[in-house]
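Student: Below is the structure, and that's it, no one-letter string:
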């Protein structure tokens, strides 16, 4: 009995967490979000799916032809994702290793144009808007470089708690 109650409480807390994240992007307060927000919501919940994973998930939650996703479809699907620990974050050590491969001279930083080239040309490319946001947030103003260990620390801060 105690385990059952604890499980129900955990599910209830999880539902609240998901609903709260969803509602941050429900600008019309009608239990819908624009389909383009699904990835951001998933990231905010500690999931790190690929763009293909996001598209697949969005198709499963019944994105209608109006370009919105409804909370009543999103909630159970996202609950399942979180309970199954799908799309876990990449460990800090792997991120650091990847940046060191890109930093051929082992300087400890990349120039904004280098990072932009890598992020927009490989695998799942970022958009220019996404790159502009990232560079604005993470480029050291004085040196005009991205110190990738500091960036990784910011990206993995929630994992270390």
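Tutor: Done, it's in. In this text the structure is predicted, and so the values were computed from the model without any measurement.
Student: Let me see the domain layout of this structure.
Tutor: 2-83, 92-160 (automatic domain parsing).
Student: can you redo those domains as a markdown table with mean neighbour count and mean pLDDT?
Tutor: For glycine as for every other residue, the C-beta is placed from the backbone atoms N, C-alpha and C. Formatted as a markdown table, the domains of the chain follow (neighbours: other C-beta atoms under 10 Å; pLDDT from 0 to 100):
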| stretch | mean neighbour count | mean pLDDT |
| --- | --- | --- |
| domain 2-83 | 15 | 89 |
| domain 92-160 | 13 | 85 |
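Student: What ranges does this protein have for its strands?
Tutor: 32-34, 68-70, 109-110, 146-147 (DSSP state E).
Student: Residues contacting the third one, please?
Tutor: It stands for strand 109-110. 99, 102, 103, 118, 140, 143, 145, 146, 147, 148 (C-beta atoms under 8 Å, 6 or more residues apart in numbering).
Student: Between the strands of the chain, which one is closest to residue 129.
Tutor: For residue 129, the closest of the strands of the chain is strand 32-34, at 15.0 Å, according to C-beta to C-beta.
Student: on contacts alone, who are the packing partners of that closest one?
Tutor: strand 68-70, helix 71-83 (3 or more C-beta pairs under 8 Å, 6 or more residues apart in numbering; DSSP states H and E).
Student: if we go to 6 Å?
Tutor: For strand 32-34, the packing partners by 3 or more C-beta pairs under 6 Å, 6 or more residues apart in numbering; DSSP states H and E come out as strand 68-70.
Student: Can you give the contact residues for the strand it packs on?
Tutor: 32, 33, 35, 61, 63 (C-beta atoms under 6 Å, 6 or more residues apart in numbering).
Student: farthest-separated two in those residues?
Tutor: Longest span within the contacts of strand 68-70, C-beta to C-beta: 32 and 61, 11.3 Å.
Student: isn't residue 48 right next to residue 87, touching?
Tutor: Yes - judged on C-beta atoms under 6 Å, residue 48 makes contact with residue 87 at a distance of 5.2 Å.
Student: Give me the distance between the most centrally placed residue in the chain and residue 147.
Tutor: Most central in the chain under C-alpha atoms, centre = their mean is residue 43, positioned 2.5 Å from the mean C-alpha point. As judged by C-beta to C-beta, to the nearest Å, residue 43 and residue 147 stand 22 Å apart.
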